[in-house]
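>>> got a predicted structure plus its sequence, pasted below:
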Amino acid sequence: MKLYLYILSISLVAFSCGQKSCSYAILGGEIINKNADFVVLLYGKQVIDTVPLDKNNRFNYKIKNLDAGFYTFNHGNEIQKVLLEPGDSLLFRLNTLEFDESLVYTGKGAKKNNYLINDFIQNEIDEKRIYKLCMLSPEAYVKHIDSMRDIKNKKLKHFQEKNIPSPLFNKIAQANIDYNYFSNKEAFPFLHYRRKKRKQQDNVPDNFYAYRQNINYNDAFLINHFIYRSFLKRSFKNIALSNHLKHSSKTKDHIWTNCCFNLDQLAVIDSLVQDETIKNQLLYNFSLNFLHKNNKIENNAKVVNYFLSKSTDTNNNAEISSYSASINQLKPGATFPSIALRNLDNDVVNIKSIIDKPTVVYFWSHNNKNYFRNTHKRASELHVKYPEISFISVNIDDYNKDAWATTLKKHKQDNTNKEYVFESPKESVKRLAVYPLTKTILVNKEHKIFNGHANMFSKNFEQELLGLLNQF
């Protein structure tokens, strides 16, 4: 009854506000298994306010002088975007232990947001099909993705006829369909090259990329939109690949960590993107991606220097320089840094004190619950096969450490003596260059780094473990 009255009270406030007369929107909700006592609301990268939860772990907030668009609510590093327009009164209910699965919207504005969520889920399902369809000929592949786009266009038309949404929603929903379709086209030759099927890439029809002539590579409204960013990344990679093969046709293996190819990618961004903010963001993302994958440290400076010559964002420049410096400190043979960890007994320990044999250090975050489950399952399997190796799990989240312990107890980890959380997350993540989350560090019993940039899910990871064991 209390929850009903809570929803009713907010609905009555919003009822008096028609979309044309309102300049505000209301966002409220209930957090189950909270990770903090507040939520943070953002518009783009700008923080609007930090909103406290009440005694029932609920909140509601009136966003005045609303600019229609995507807003973000952040709770304990759990993040979700919502589309808000004047007059909306959007409510949600979520459980932080099962964030994506539990999120439910109600109120004015719920239908369009539920549509966008369902569309996002469908795109994830379609993405798995794309990887299989890429084995087809270009003509057959296009036939399939054309059919997928037609189905989505029909669903959107049906939704529009039934609900009469705003022009803003229509723009976003149509962009989702179009850029997802373009992104699928960009994926075709890209995946063929990865599978060393160069012939199929060369046989792509001349008009395969005709849509590129009408693409806006400087869309400031869509740049923070996942599907648009995904398209840009794939498109720039494909264009760079074509340019690269013209002057490096003998490059066959490991092209994604090839220094020359990555410089070609940065050059494509520099030539096609004029918007300074967008260009800086893309240059940063591509450079960071190269640095974390590259195993030849001597090439890092080439990419970093090119990046610094093109980027005008001083914060990004400092971060790339710092990240590169951290990577250089994690090269094979270097001494593993002294990092403070906290264990489940609430004791603070130096990570070196718990490394007394060949060790795998891996990381996880509440932002990716599936990765948490997968890494712990993988570590348990590997520990059975390689009992001589210690597996240390470290949570990287920078908020209430009780949430870390609660998650471990909930999932009943059987190796809790090897579970830790960073005592100083921001500093430690920076020193160990923990990006992306899949990063894994192999250390020998003498605290020397064997591989500072491994991945426990890579096909050659077990070979690396054998190398670690046989190092001495």
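That came in fine, so what should we check first?

>>> every contact and neighbour count from this point should use C-alpha atoms.
Will do.

>>> just the strands in the stretch 251-400 of the chain please.
Assigned by DSSP state E, counting those that start in this stretch, the strands in the stretch 251-400 of the chain fall at 340-342, 348-350, 359-364, 390-395.

>>> listing partners with orientation, what would you give for the first one?
Sheet partners assigned to strand 340-342 using DSSP bridges are listed as strand 348-350 (antiparallel), strand 419-422 (antiparallel).

>>> I'd like to know which of those is closest to residue 257.
Nearest to residue 257 among those is strand 419-422 (29.7 Å), distances taken as Cα to Cα.

>>> what's the next secondary structure element after the closest one?
The first helix or strand that comes after strand 419-422 along the chain, using DSSP states H and E, is helix 425-431.

>>> next SSE after that next one?
Using DSSP H and E, the helix or strand that follows helix 425-431 in sequence is strand 440-443.

>>> still on that earlier bit, let me have the strands paired with strand 340-342 in JSON lines, extended by mean neighbour count, mean pLDDT and distance to residue 375.
Shown next, in JSON lines, are those (neighbours: other Cα atoms under 10 Å; pLDDT from 0 to 100; distance: least, Cα to Cα, whole Å):
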{"stretch": "strand 348-350", "mean neighbour count": "15", "mean pLDDT": "95", "distance to residue 375": "23"}
{"stretch": "strand 419-422", "mean neighbour count": "23", "mean pLDDT": "94", "distance to residue 375": "12"}
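
>>> turn those strands into JSON lines, including distance to residue 227.
As requested, these are exported to JSON lines (distance: least, Cα to Cα, whole Å):
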{"stretch": "strand 348-350", "distance to residue 227": "42"}
{"stretch": "strand 419-422", "distance to residue 227": "33"}
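
>>> ok, which of those strands comes nearest residue 53?
It is, among those and with distance given as Cα to Cα, strand 419-422, at 25.4 Å.

>>> now do that closest one: distance to the chain's middle.
Strand 419-422 sits 22 Å away from the centroid of its parent chain (Cα atoms, centre = their mean, to the nearest Å).

>>> how many residues are close by residue 458?
Neighbours of residue 458 under the rule other Cα atoms under 10 Å: 10.

>>> so what does it have for phi and psi?
Main-chain torsions, residue 458, degrees, to the nearest 10: phi -70, psi 160.

>>> separation between it and residue 153?
38 Å (Cα to Cα, to the nearest Å).

>>> indicate which one of the strands of the stretch 251-400 of the chain is closest to residue 471.
Nearest of the strands of the stretch 251-400 of the chain to residue 471, taken as Cα to Cα: strand 359-364 at 12.6 Å.

>>> that closest one pairs with which strands?
Looking at strand 359-364 with DSSP bridges, its partner strands are strand 390-395 (parallel), strand 440-443 (antiparallel).

>>> tell me the most buried of the ones you listed?
The highest mean neighbour count among the strands paired with strand 359-364, using mean count of other Cα atoms under 10 Å, belongs to strand 440-443: a mean of 24.

>>> which residues of the stretch 151-300 of the chain score low on pLDDT?
192-203, 249-254 (pLDDT under 70).

>>> if you set the cut-off to 50 instead, what comes out?
197, 199-200 (pLDDT under 50).

>>> show me where it has helices.
Assigned by DSSP state H, counting those that start in this stretch, the stretch 151-300 of the chain shows helices spanning 167-194, 198-202, 226-247, 259-272, 276-293, 300-310.

>>> so for residue 471, which of those helices sits nearest?
Between residue 471 and the helices of the stretch 151-300 of the chain, the tightest spacing by Cα to Cα is seen for helix 276-293, at 23.0 Å.

>>> surely residue 70 and residue 83 touch.
Yes - judged on Cα atoms under 8 Å, residue 70 makes contact with residue 83 at a distance of 4.5 Å.

>>> tell me the contacts of the closest residue in space to residue 272 that isn't next to it in sequence?
Leaving out its chain neighbours, the residue that sits closest to residue 272 by Cα to Cα, 6 or more residues apart in numbering is residue 217, at 6.8 Å. Residue 217 sits next to 232, 272, 273 when contact means Cα atoms under 8 Å, 6 or more residues apart in numbering.

>>> how far away is the last one from residue 62?
Spelled out, it's residue 273. Counting by Cα to Cα, the separation of residue 273 from residue 62 is 36 Å.

>>> which one's more surrounded, the two?
Ranked by neighbour count (other Cα under 10 Å), residue 273 and residue 62 place residue 273 first, with 17 against 12.

>>> where's that one relative to residue 310, distance?
12 Å.

>>> need the residues touching each of these two.
By Cα under 8 Å, 6+ apart, no residue touches both residue 273 and residue 310.

>>> in stretch 329-347, what counts as buried?
For stretch 329-347, a neighbour-count test (16 or more other Cα atoms under 10 Å) marks 329-332, 334-337, 339-344 as buried.

>>> now these in a markdown table, with pLDDT and distance to residue 45?
Converted to a markdown table, the buried residues of stretch 329-347 look like this (pLDDT from 0 to 100; distance: Cα to Cα, whole Å):
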| residue | pLDDT | distance to residue 45 |
| --- | --- | --- |
| 329 | 88 | 31 |
| 330 | 90 | 31 |
| 331 | 88 | 34 |
| 332 | 90 | 37 |
| 334 | 92 | 37 |
| 335 | 95 | 37 |
| 336 | 95 | 34 |
| 337 | 93 | 32 |
| 339 | 95 | 30 |
| 340 | 96 | 30 |
| 341 | 95 | 30 |
| 342 | 93 | 31 |
| 343 | 91 | 33 |
| 344 | 89 | 34 |
